[in-house]
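Peer 1: just to be clear, the model below is a prediction. Sequence and coordinates:
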Amino acid sequence: MPEVLGKTHYGLEDMDLIDIHEAFAAQVLCITKMLAIRPFARERLGREEAVSEVDPEKLNVHGSSVSIGHPFGATGARMVTTMANELRITGKRRALLGLCAAGGIGGAALLERLED
């Protein structure tokens, strides 16, 4: 997620929605905590400053993968579809997704709704 933000020159504050895959309940708590910690940013992300705190009002607005669906091998597709629909329905602009890819591999995507 920090890499996507860096490449697009957006910050977490520019996101209307943040959806982080949660195969286990503690996962999102760890991620959101680490994004706000400066030493983590320096040591693991090669950044001088922390990414930012995640606004809980923007986070996993439909619940997490634990609560709304974690279809093996298709969670990323479920997340992209859920957030694309949410952007369309609400008229919001951007969603940042923290995706999983089997066995602890992670990825990220930024969705942006184009003007109607």
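Peer 2: Thanks, I have the structure now.
Peer 1: how about low-confidence regions in the chain?
Peer 2: 101-104, 116 (pLDDT under 70).
Peer 1: any chance you could map the strands in it?
Peer 2: 17-20, 94-100, 106-112 (DSSP state E).
Peer 1: how far off centre is the shortest one?
Peer 2: Relative to the centre of its chain, strand 17-20 is centred 4 Å away, using CA atoms, centre = their mean, to the nearest Å.
Peer 1: who touches it?
Peer 2: Strand 17-20 has contacts (CB atoms under 8 Å, 6 or more residues apart in numbering) with 1, 12, 27-28, 31-32, 54-55, 58-61, 64, 79, 82-83, 86-87, 92, 94-98. (Glycine included, C-beta is placed from N, CA and C.)
Peer 1: go again with 6 Å.
Peer 2: 28, 31, 54, 58-60, 79, 83, 95-98 (CB atoms under 6 Å, 6 or more residues apart in numbering).
Peer 1: quick one, phi/psi of the closest residue to residue 16 other than its chain neighbours?
Peer 2: Spatial nearest neighbour of residue 16, chain neighbours left out: residue 92 (3.7 Å); criterion: CB to CB, 6 or more residues apart in numbering. Dihedral pair for residue 92: phi -70, psi 170, per degrees, to the nearest 10.
Peer 1: what's the neighbour count on residue 92?
Peer 2: 17 (other CB atoms under 10 Å).
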